[in-house]
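**Q** For reference, the sequence and a predicted model appear below.
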Amino acid sequence: MSISALVVDDSALVRRVARRILEKHGYAVREVGDGQAALDAVRQEMPGLILLDRHMPMMDGIACLRALRAAYGASTPPVVICTTASATEKIIEALDAGADEYVMKPFNEAILLHKLAMIGFAPAEAASEA
C-alpha cells in the first residue's frame, strides 16, 4: 500500500518533478496549483503527506498551511514547505505556521528524500544517500 501525497505548486514543472520523484519511491500522487485547491483536495481525501509551495496565487502556502492546521490539527497531514525564500525569518514563519519541514527550490531527488526521511517518510536507503 502506497502513501498518498498531494503536491501543491503553481508551477507545472515543479509538480512534475516532485511527482516523478515521489512516484519512483512508491507514493500515490495528486497535484493541484494553489492553496485553495489544496484545501479542497484535502477535504475530498486526506493525503498522507503534502508538499506545499510557499508562493502561489489565490492562496499562498502559509495561508493554506494555517487553514490546514486550524481544521485538522498540528500534525495532520504532515507538510513540507517548498520555497525559494532562503531568509531565516521566512523559514521560521513556515515552521511556526505548522510545517513539519522545508525544502529549498530547486531540489533534486536526494534532497527531497532526505527532507522526507527527516520526518519519517522516505526509504532508509534514500536517506543515507543524501
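**A** Thanks, I have the structure now. Residues are numbered from 1 along each chain as shown.
**Q** backbone phi and psi for the residue nearest to Arg66 when sequence neighbours are not counted, please?
**A** Nearest in space to Arg66, with sequence neighbours left out and distances taken as Cβ to Cβ, 6 or more residues apart in numbering, is Ala97 at 5.3 Å. Where you see a C-beta, it was placed from the backbone N, CA and C, and this is true even at glycine. When read as degrees, to the nearest 10, the backbone of Ala97 gives phi -70, psi -10.
**Q** Same question for Glu101.
**A** phi -160, psi 170.
**Q** still on that earlier bit, now do the residue nearest to Arg66 against Lys24, distance only.
**A** Applying Cβ to Cβ, to the nearest Å, the value for Ala97 to Lys24 is 29 Å.
**Q** Show the pLDDT at the residue nearest to Arg66.
**A** What the model reports for Ala97 is a pLDDT of 96.
**Q** Also Phe121?
**A** For Phe121, the pLDDT comes out at 84.
**Q** That one: how many residues sit nearby?
**A** Counted with other Cβ atoms under 10 Å, the neighbours of Phe121 add up to 21.
**Q** pretty sure it contacts Pro78?
**A** Yes - Phe121 is in contact with Pro78 according to Cβ atoms under 8 Å; the separation is 7.1 Å.
**Q** list the residues that contact both of the two?
**A** Common neighbours of Phe121 and Pro78 (criterion: Cβ atoms under 8 Å, 6 or more residues apart in numbering): Leu49.
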